[in-house]
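In: need coordinates for the following:
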Amino acid sequence: MTDFIRLDARTLHASTISLPGSKSISNRTLLLAALSDNSCEISSLLKSDDTDRMIEALITLGVQLEFSGEGRLKVHGCGGRFPNPHSDLFLGNAGTAFRPLTAVLAVLGGSHHLHGVPRMHERPIGDLVDALRHAGCRIDYLGNPGYPPLQIGSRSGSGARTIPVKGNVSSQFLTALLMALPLTGEACEIHVEGELISKPYIDITLNLMAKFGVPVENERYQIFRLPAHARYHAPEKLAVEGDASSASYFLAAGLLAATPVRVTGLGRNAIQGDVAFAYELEKIGADVVWGDDFIEVGRRPGQKILPFDLDANHIPDAAMTLAVVALAAGAPCTLRNIGSWRVKETDRIAAMAAELRKVGALVEEEAEAIHITPPAALIADARIDTYDDHRIAMCFSLVSLLGVPVVINDPKCTHKTFPTYFDVFESMTKR
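Out: Down below sits the predicted model:
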């Protein structure tokens, strides 16, 4: 693939898309299986840069893995203690690997150097480190205080039983603590300071921990109580749901193109909060059909796409797709409570604002919100910069459904979560 891809203006035929596995579930499952006292066969595992970094880290830490075909992996758990207590782990820009591994390795102790790409070293981790230090962990910053890279040392046995953590930057900090603290064998509580963002991602964590034998008591997303003498015990087999965030591009395509698009691999009982994206599409004109293993979106004849003003805290990743849907709404649209976009793979509020302006939109950005006024006519062949951010590339592919061609720079950035995205998107095009 070249360093850019030009997407002609297009219409779609009715399509069924088999989703790749969820990144959030894949990396959580890999780590929990590695920490279990038995073996677990994982199917429908996502193959991507982020899961590759987690798998490489687990191998370096001495976990035995058996690959047995497309998306299938058997993990032989190490009973809560990695065989290799010393490691040097390069984790790219994989937040779903970096944050939980930081917490787990800090609780287990040893000597571990964790680092990544330059952007990872710009993504804050100080709130997680502060919480882990309350638990008696030793973590040193090797660069700017509050940011990776990190050096992890041996944990003292005198950590607090009540661990505070701020909730307003990234829910991955709380996820990391929830997954790591059972390894102490002690009962403890995590107290969230302030409002917790992205609660559905915490629900994923709690759901998976329960499947691995460690139930957590959740008191209004403010206090989380972990039991004493906890041990992870994996289910014999576990299938990873399709990625709900990746589904958002195809579901939005069904709305924009007024053509039924069905995604398979998740449905009405999915544990990922981003399935709520389909409900938001329904509010603005989509015709949505739910099944046990699919979601289908189209648009009724004559139905216009309606403008919206949405608090998107519950679907921060999928909400990026709505920023492009706003171009078809015919009136100003707003996404609120999305401050977490600022500390993702790039500053997503600034990046989305800059790229939406290239296609002609009037955009106003705030600290935690973005306001989008669609133009009377979109600018053709806008060249979209992607900032090494997979979601920006996939979002702006949808512009080609609005009557104009668009150019996407660095399309290979989708390898982070969906390496075949542009091939799949092309397969939906009506010839």
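In: paired strands for whichever helix or strand residue 407 is part of, with orientation please.
Out: Using DSSP states H and E, residue 407 maps to strand 406-409. Here strand 406-409 is paired, per DSSP bridges, with strand 4-7 (antiparallel), strand 382-384 (parallel).
In: quick check: buried residues in the last one?
Out: By neighbour count with 16 or more other CB atoms under 10 Å, strand 382-384 contains the buried residues 382, 384. Using the backbone N, CA and C atoms, a C-beta is placed for each residue, glycine as well.
In: the chain should start at 181 in everything you say after this.
Out: Shifting the count to begin at 181 puts that one at strand 562-564.
In: need the next SSE after that strand, C-terminal direction.
Out: helix 570-577.
In: name the helices or strands packed onto that next one?
Out: If contacts are counted by 3 or more CB pairs under 8 Å, 6 or more residues apart in numbering; DSSP states H and E, helix 570-577 sits against helix 424-437, helix 499-505, helix 528-538, strand 562-564, strand 586-589, helix 601-607.
In: kindly reformat those as a markdown table containing mean pLDDT and distance to residue 278.
Out: Formatted as a markdown table, those follow (pLDDT from 0 to 100; distance: least, CB to CB, whole Å):
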| stretch | mean pLDDT | distance to residue 278 |
| --- | --- | --- |
| helix 424-437 | 98 | 18 |
| helix 499-505 | 98 | 21 |
| helix 528-538 | 98 | 18 |
| strand 562-564 | 98 | 27 |
| strand 586-589 | 98 | 26 |
| helix 601-607 | 98 | 23 |
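In: nearest to residue 299, of those?
Out: Of all those, helix 528-538 sits nearest to residue 299, with 11.9 Å by CB to CB.
In: so what does the closest one touch, helix or strand wise?
Out: Using 3+ CB pairs under 8 Å, 6+ apart: helix 528-538 touches helix 499-505, strand 542-545, strand 549-553, strand 562-564, helix 570-577.
In: out of those, nearest to residue 247?
Out: helix 570-577 (23.8 Å).
In: okay, the closest one in CSV with CA atoms only?
Out: The C-alpha trace of helix 570-577 is given here as CSV (Å, rounded to 0.1, in the frame of the first residue of the first chain):
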residue,chain,number,x,y,z
HIS,A,570,-6.2,4.5,13.0
ARG,A,571,-9.6,6.0,13.9
ILE,A,572,-9.1,9.2,11.9
ALA,A,573,-8.2,7.2,8.8
MET,A,574,-11.3,5.0,9.1
CYS,A,575,-13.6,7.9,10.0
PHE,A,576,-12.7,10.0,7.0
SER,A,577,-13.1,7.1,4.6
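In: I'd like the average pLDDT over it.
Out: Mean pLDDT, helix 570-577: 98.
In: got the angle between it and helix 528-538?
Out: For helix 570-577 against helix 528-538, the angle by axes from the mean of the first three to the mean of the last three CA atoms, to 10 degrees is 20 degrees.
In: which residues are contacting helix 570-577?
Out: Helix 570-577 has contacts (CB atoms under 8 Å, 6 or more residues apart in numbering) with 187, 425-426, 429, 497, 500-501, 503-504, 525-526, 528, 531-532, 535, 564-566, 586, 588, 590-591, 593-598, 601-602, 605.
In: switch the cut-off to 6 Å
Out: 187, 429, 500-501, 504, 531, 564, 566, 588, 591, 593-594, 596-597, 601, 605 (CB atoms under 6 Å, 6 or more residues apart in numbering).
In: any idea how far it is from the middle of the chain?
Out: 14 Å (CA atoms, centre = their mean, to the nearest Å).
In: cool, stretch 427-445 as well?
Out: Worked out by CA atoms, centre = their mean, stretch 427-445 lies 19 Å from the chain centre.
In: next, the buried residues of it.
Out: Buried residues in stretch 427-445 (16+ other CB under 10 Å): 427-445.
In: tell me the secondary structure for the closest residue in space to residue 362 that isn't next to it in sequence?
Out: Of all residues not flanking residue 362 in the chain, residue 410 sits nearest, at 3.8 Å (CB to CB, 6 or more residues apart in numbering). Of the three states, residue 410 takes coil according to DSSP: H, G, I helix; E, B strand; the rest coil.
In: neighbours around residue 410, how many?
Out: Counted with other CB atoms under 10 Å, residues neighbouring residue 410 total 21.
In: what's the per-residue pLDDT of it here?
Out: So residue 410 comes in at 97 (pLDDT).
In: still on that earlier bit, and the helices and strands packed on helix 528-538 as JSON lines, adding distance to residue 462?
Out: Listed next are these as JSON lines, based on distance: least, CB to CB, whole Å:
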{"stretch": "helix 499-505", "distance to residue 462": "13"}
{"stretch": "strand 542-545", "distance to residue 462": "25"}
{"stretch": "strand 549-553", "distance to residue 462": "20"}
{"stretch": "strand 562-564", "distance to residue 462": "28"}
{"stretch": "helix 570-577", "distance to residue 462": "20"}
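In: tell me which of the ones you listed lies nearest to residue 232.
Out: helix 570-577 (13.8 Å).
In: CSV for the strands paired with strand 586-589, including distance to residue 255?
Out: Below are the strands paired with strand 586-589 laid out as CSV (distance: least, CB to CB, whole Å):
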stretch, distance to residue 255
strand 184-187, 36
strand 562-564, 38
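In: could I get the full set of strands for the stretch 281-430 of the chain?
Out: 291-295, 319-321, 330-332, 342-346, 368-373, 397-399, 403-406, 417-419 (DSSP state E, counting those that start in this stretch).
In: and these, which is most packed in?
Out: Highest mean neighbour count of those: strand 330-332, a mean of 22 (counted as mean count of other CB atoms under 10 Å).
In: for the record, mean pLDDT for that one?
Out: 98.
In: of all the helices and strands packed on helix 570-577, which lies closest to residue 479?
Out: Nearest of the helices and strands packed on helix 570-577 (CB to CB): helix 424-437, 5.4 Å.
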